[in-house]
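Asker: test case, fold it:
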Amino acid sequence: MILRSRKEAKLISMAMSCEPLIISKNWCNVANVKAGDTSASFLFDLRNVLKNPGKQAELFANIAIVVVAVLLGVVLVKNYLLNNSGTPHKQLMPGTKVDLANVDWRNNGQTLLLVVQKGCHYCSESAAFYQELANKTGKPETAKLIALLPQDIDEGVAYLTSLGVSVGDVRKASPRSLGVEGTPTLLLVDSQGKVTDVWVGKLPPEKEAEVFDKAGIPKGLKGAT
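Answerer: So this is what the prediction gives:
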């Protein structure tokens with residue numbers, strides 16, 4: 001490398017003398033630094049910060065703030081966006097026994113658990129589908145519908161009513177107590193209290209049809225009033 005002045009030579013000589021325990025050799029290597037390169041200026045600014053206890057504390061505090069902000073962002077994405085997007089990261093699997101008191105699984109034959117919550121926009125957007133489910137289930141040949149919400153029962157009933165969904169059996173239950181990580185979720189449970197099918201989120205028409213079929217609602221009844 002050809003140096004243009006003694007000043008530049010002195011700059012590089014000072015950079016090469018930085019302590020390896022404080023700054024790595026890669027940071028100290030300025031063999032490829034061209035005259036006037038701002039990276040050299042940055043290097044010496046950093047060395048000055050590290051030699052000044054006050055500035056050092058400020059640097060570490062700023063780094064800590066960035067790390068905390070990143071961690072908070074991860075927590076928010078995990079607990080809010082994923083859990084309310086209709087696409088939970090971990091979902092109850094078929095074959096799992098449902099822990100829900102005072103349900104006569106055997107007498108019901110099949111039970112359809114509608115797990116929703118107030119403030120879930122995918123739940124609200126699925127209102128027409130839930131209205132039809134509520135109207136067509138509960139007959140002898142169909143599954144019984146139970147709505148489960150984390151809110152108090154009165155608040156849950158009011159929310160369902162605001163959607164035009166009339167369910168005879170509304171209960172307070174935390175989704176996670178059921179093994180459900182997000183809403184809306186539909187669980188079809190057999191006479192042994194075991195999950196046979198799981199549907200998550202706002203369903204496309206073909207999945208809605210699948211729910212009707214597996215819940216024992218004949219196709220001719222879906223459009224009936």
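Asker: quick one: residues in contact with stretch 203-219.
Answerer: Stretch 203-219 is contacted from outside by 110, 112, 126, 129, 133, 136-137, 141-143, 186, 188, 196-197, 199, 222, using CB atoms under 8 Å, 6 or more residues apart in numbering. C-beta here means a position set from N, CA and C on the backbone, and glycine is covered the same way.
Asker: now which of the residues you listed would you call buried?
Answerer: Taking 16 or more other CB atoms under 10 Å as the criterion, what is buried in the contacts of stretch 203-219 is 110, 112, 126, 129, 133, 136-137, 142-143, 186, 188, 197, 199.
Asker: for the protein, what's the longest helix?
Answerer: helix 53-76 (DSSP state H).
Asker: so which elements touch that one?
Answerer: Contact here means 3 or more CB pairs under 8 Å, 6 or more residues apart in numbering; DSSP states H and E; on that basis helix 53-76 packs against helix 38-51.
Asker: mean confidence (pLDDT) on the helix it packs on, please.
Answerer: Averaging pLDDT along helix 38-51 yields 56.
Asker: again with stretch 153-169
Answerer: 97.
Asker: endpoints of that stretch, how far apart?
Answerer: 10 Å (CA to CA, to the nearest Å).
Asker: pick out the most distant pair among the contacts of stretch 203-219.
Answerer: Ser126 and Glu141 (23.9 Å; CB to CB).
Asker: confidence score at Ser24?
Answerer: Looking at Ser24, its pLDDT stands at 43.
Asker: mind giving me the domain ranges of the chain?
Answerer: 6-84, 105-222 (automatic domain parsing).
Asker: weakest of the ones you listed in terms of mean pLDDT?
Answerer: The minimum mean pLDDT among those belongs to domain 6-84 (a mean of 58).
Asker: show residues contacting stretch 142-149.
Answerer: Taking CB under 8 Å, 6+ apart as the rule, stretch 142-149 contacts 100, 103, 108-118, 133-134, 136-138, 155-156, 159-160, 165, 167-173, 175, 178, 188, 215-217.
Asker: show me where the chain has its strands.
Answerer: 111-115, 144-149, 170-172, 185-189, 195-200 (DSSP state E).
Asker: circling back: quick one: buried ones out of the contacts of stretch 142-149?
Answerer: Applying 16+ other CB under 10 Å to the contacts of stretch 142-149 flags 100, 103, 108, 110-118, 133-134, 136-138, 156, 159-160, 165, 167, 170-171, 173, 175, 178, 188, 215-217 as buried.
Asker: please report how far the nearest residue to Ala127 once chain neighbours are set aside lies from Glu132.
Answerer: Once flanking residues are discounted, Ala127 sits nearest to Leu163: 4.0 Å by CB to CB, 6 or more residues apart in numbering. Look at Leu163 and Glu132: by CB to CB, to the nearest Å, they are 12 Å apart.
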